[in-house]
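Enquirer: Structure for the following, please:
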Amino acid sequence: QVQLVESGGGLVQPGGSLRLSCAASGSIFSINAMGWYRQPSGKQRELVATVANGGSTRYVDSVKGRFTISRDNAKNTVDLQMISLKPEDTAVYYCYADLRYKSEDTTWFRWWGQGTQVTVSS
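Expert: Below you'll find the model as predicted:
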C-alpha cells in the first residue's frame, strides 16, 4: 500500500506565500514524475507543476515565475513553493506520484494525495 500525505495549505492574503509539501510512503520501488494539480470549486482539475526524477520541471503558464516545484528523491517528497499568490490560485491542491512497486513492474502507477485547500483572499 502507498500513501501520499500533503500538508501546508491554508488561508493567505493576495500577494502572500505558502509552501505545500507531499510525502510518499509505503511499498515503493521507484518514483518517476511527481507533481501538483489543482481544482478550483466547480472547475476541472488542472496540472500546475511537475518534476521528473532527474529534476526537470514544467509549469502551467499561469504560475510561471511565482511557483517553484522541488523534490527530494531520498525522502520521496515533493514541495510546491508559491509566492505572489492571487485569488485565482484558490483551489484544492493535489500531489501525485508515478511509481513502481517492484523492479519487475513495467507500468508506472499514479497515486494521489488527499488534497489540501489553498484559499487566497483578503
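Enquirer: what's the spacing between the residue nearest to the spatial centre of the chain and residue 122?
Expert: Centroid check for the chain by Cα atoms, centre = their mean gives residue 36 as the closest residue, at 2.6 Å. If you measure residue 36 against residue 122 using Cβ to Cβ, to the nearest Å, the figure is 24 Å. Glycine gets a C-beta too; all of them are placed from N, C-alpha and C.
Enquirer: Could you do residue 54 as well?
Expert: From residue 54 across to residue 122, the span is 40 Å (Cβ to Cβ).
Enquirer: so where do the strands sit in the chain?
Expert: With strands called from DSSP state E, the chain shows them at 2-7, 10-12, 18-26, 30-39, 46-51, 57-59, 67-72, 77-82, 91-100, 109-112, 116-120.
Enquirer: Mean confidence (pLDDT) on the first one, please.
Expert: Spelled out, that is strand 2-7. Mean pLDDT, strand 2-7: 96.
Enquirer: what does the second one give?
Expert: If you average the pLDDT over strand 10-12, you get 98.
Enquirer: from the chain's centre, how far out does it sit?
Expert: Between the centre of strand 10-12 and the centre of its host chain there is 17 Å, according to Cα atoms, centre = their mean, to the nearest Å.
Enquirer: let's have the chain start at 9 instead
Expert: New numbering, starting at 9: the last item is strand 18-20.
Enquirer: List the buried residues for it?
Expert: Using 16 or more other Cβ atoms under 10 Å as the test for burial, strand 18-20 gives residue 20.
Enquirer: Repeat that for the third one.
Expert: Within strand 26-34, the residues scored as buried using 16+ other Cβ under 10 Å are 26, 28, 29, 30, 31, 32.
Enquirer: cool, the last one as well?
Expert: Within strand 124-128, the residues that count as buried by 16+ other Cβ under 10 Å are 124, 126, 128.
Enquirer: Put together TSV for those, with distance to residue 94 and pLDDT on each row.
Expert: Converted to TSV, those look like this (distance: Cβ to Cβ, whole Å; pLDDT from 0 to 100):
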residue	distance to residue 94	pLDDT
124	18	97
126	11	98
128	6	98
